[in-house]
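Predicted model, plus sequence, below.
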Amino acid sequence: QVQPVESGGGLVQAGGSLRLSCAASGRTFGNYGLGWFRQAPGKEREFVAAIDWSDGTTYAATVKGRFTISRDNAKNMMYLQMNSLKPEDTAVYSCAVRLGLLTTTPASYADWGQGTQVTVSS
């Protein structure tokens, strides 16, 4: 089992940037697929970005071109660089881990972090 822990959230003005980090303990996640999801109050959890073991990536249409997902297997870390942030990006962001192919479906991920709050003011 991999236990992910997120950090890097906070309050930022619209147009600003934040970088989220996800650290994994328990096992090295070099062979795992990794994803970022977010959930705003009163809304369903939604896919943000994912990266597979070979650094293949996929993004939600709402963040493509603004967010960049990356990983550093040597450090057992994953990152989400968020630029040009908008108020509608406000949510709790969680990282998740799975074995297997790239997927955008939350139910396909086995291990989840507690989440980190991102708030974008207008």
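Nice, I can see it.

so what's the residue nearest the centre of the chain up against?
Geometric centre of the chain, nearest residue: Trp36, 2.4 Å, by Cα atoms, centre = their mean. By Cβ atoms under 8 Å, 6 or more residues apart in numbering, the residues touching Trp36 are Leu20, Cys22, Val48, Ala49, Ala50, Ile69, Met78, Leu80, Tyr93, Ser94, Cys95, Ala96. Heads up, the C-betas are built off the backbone N, CA and C, glycines and all.

Tell me the one among these nearest to Ala107.
Of all these, Ala107 sits closest to Ala96, with 10.3 Å by Cβ to Cβ.

Is that closest one in contact with Trp112, as I believe?
Yes - between Ala96 and Trp112 there is a contact under Cβ atoms under 8 Å: 4.9 Å.

more neighbours, the two?
Neighbours per residue, other Cβ atoms under 10 Å: of Ala96 and Trp112, the larger number sits with Ala96, 24 against 18.

how near is the more buried one to Leu102?
12 Å (Cβ to Cβ, to the nearest Å).

quick one: contacts of stretch 43-55?
In contact with stretch 43-55 (Cβ under 8 Å, 6+ apart) are residues 30-39, 57-60, 63, 67-71, 78, 80, 91, 93-94, 101-106.

Also stretch 57-70?
Under Cβ under 8 Å, 6+ apart, the answer for stretch 57-70 is 34, 36, 46-51, 78-85, 88-89, 102, 104.

That one: which residues count as buried?
When neighbours are counted by 16 or more other Cβ atoms under 10 Å, the buried residues of stretch 57-70 are found to be Tyr59, Ala60, Val63, Phe67, Thr68, Ile69.

beta partners for the fifth one?
In this entry, Thr68 is beta-bridged to Gln81, by DSSP bridges.

How much space separates it from Thr28?
22 Å.
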